[in-house]
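>>> Requesting a structural model of the entry that follows:
(chains A and B)
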Amino acid sequence: AQSVTQLGSHVSVSEGALVLLRCNYSSSVPPYLFWYVQYPNQGLQLLLKYTTGATLVKGINGFEAEFKKSETSFHLTKPSAHMSDAAEYFCAVEVYNQGGKLIFGQGTELSVKP
Amino acid sequence: GAGVSQSPSNKVTEKGKDVELRCDPISGHTALYWYRQRLGQGLEFLIYFQGNSAPDKSGLPSDRFSAERTGESVSTLTIQRTQQEDSAVYLCASSSPGTRSNTGELFFGEGSRLTVL
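Down below sits the predicted model:
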């Protein structure tokens, strides 16, 4: 079975500081991995995805994530946090051969302090 | 509309009543998904529709839950005899087929918040 685990349900950073949100996956096949963001009172929005090819993927709003097979990780980073980054972030893995169905992690709520 | 539309946005009901939630996917998207998001928890897969194929109902928590989809159009999620533990935000998403196993971006609606008293 495939799964993802997000370490830390709440992360707080200061504006301008590095953002690091952790995600580890479990998969017996090469995984397709995703990060989604949910701003307050809004639906989820795709930040970035890894399917094949380059292991460092760049997404919207300055976020990027690196697929590390040896560490079974797909951590999300942003060099400098902005107040508008405050939201809930979900890591997800696509279930193999089940038509695009995603399994989501528990989510990490990011707070940005001025 | 341009995005996934869900209604109602908020629903308060009494325990034991039936509720129906509606999802209008993006035009042309053949895949439609329902997820449930309980307070403080991640997204829980409920059901998936792809074109005319039999739906994947593996995530439905009990036989009180059912969903239908008319062709590649609107879907309704029905919860019968609601219980307090059904209180959650129900999210709908749609996507268009990609390459390996439909790897397309999921586009989510804003959800229907259900509160069962």
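>>> tell me the SS of residue A:61?
Classification of residue A:61 by DSSP: H, G, I helix; E, B strand; the rest coil places it in helix.
>>> That one and residue A:45, how far apart?
10 Å (CB to CB, to the nearest Å). Using the backbone N, CA and C atoms, a C-beta is placed for each residue, glycine as well.
>>> Quick one: the strands in chain B, in order.
In chain B, the strands defined using DSSP state E lie at B:5-7, B:10-13, B:19-24, B:31-37, B:43-50, B:65-69, B:75-79, B:88-95, B:107-108, B:112-116.
>>> now the most centrally placed residue in chain B, which residues is it bridged with?
Nearest to the mean C-alpha position of chain B, by CA atoms, centre = their mean, lies residue B:34 at 2.8 Å. On the basis of DSSP bridges, residue B:34 is bridged to residue B:47, residue B:92.
>>> Residue A:61 and residue A:45: who's more crowded?
Between residue A:61 and residue A:45, residue A:45 has the larger neighbour count (other CB atoms under 10 Å in any protein chain shown), namely 16 against 13.
>>> Could I get the pLDDT score of residue B:1?
We note a pLDDT of 54 for residue B:1 in this prediction.
>>> With residue B:38 instead?
With respect to pLDDT, residue B:38 has a value of 91.
>>> For it, the count of nearby residues, please.
Counted by other CB under 10 Å, the residues lying close to residue B:38 total 13.
>>> Likewise for residue A:22?
Neighbours around residue A:22, by other CB under 10 Å: 17.
>>> Where does the prediction get shaky in chain B?
B:1, B:97-104 (pLDDT under 70).
>>> Was I right to think residue A:16 contacts residue A:81?
Yes. Between residue A:16 and residue A:81 there is a contact at 6.4 Å, judged by CB atoms under 8 Å.
>>> which of the two has more neighbours?
Neighbours were counted for residue A:16 and for residue A:81 using other CB under 10 Å; residue A:81 has more, 22 against 11.
>>> what sits against residue 4?
Because you didn't say which chain, this covers chain A. When contacts are counted by CB atoms under 8 Å, 6 or more residues apart in numbering or on different chains, residue A:4 touches A:23-26, A:33, A:74, A:91-93, A:103-105.
>>> I was after chain B.
Contacts for residue B:4 (CB under 8 Å, 6+ apart) come out as A:43, B:23-26, B:92-94, B:107-109.
>>> Recalculate using a threshold of 10 Å.
A:43, B:23-26, B:29, B:32, B:91-95, B:106-111 (CB atoms under 10 Å, 6 or more residues apart in numbering or on different chains).
>>> For residue A:27, which non-adjacent residue is spatially closest?
residue A:2 (4.5 Å; CB to CB, 6 or more residues apart in numbering or on different chains).
>>> That neighbour: how many residues sit nearby?
If we define neighbours as other CB under 10 Å, then residue A:2 has 18 of them.
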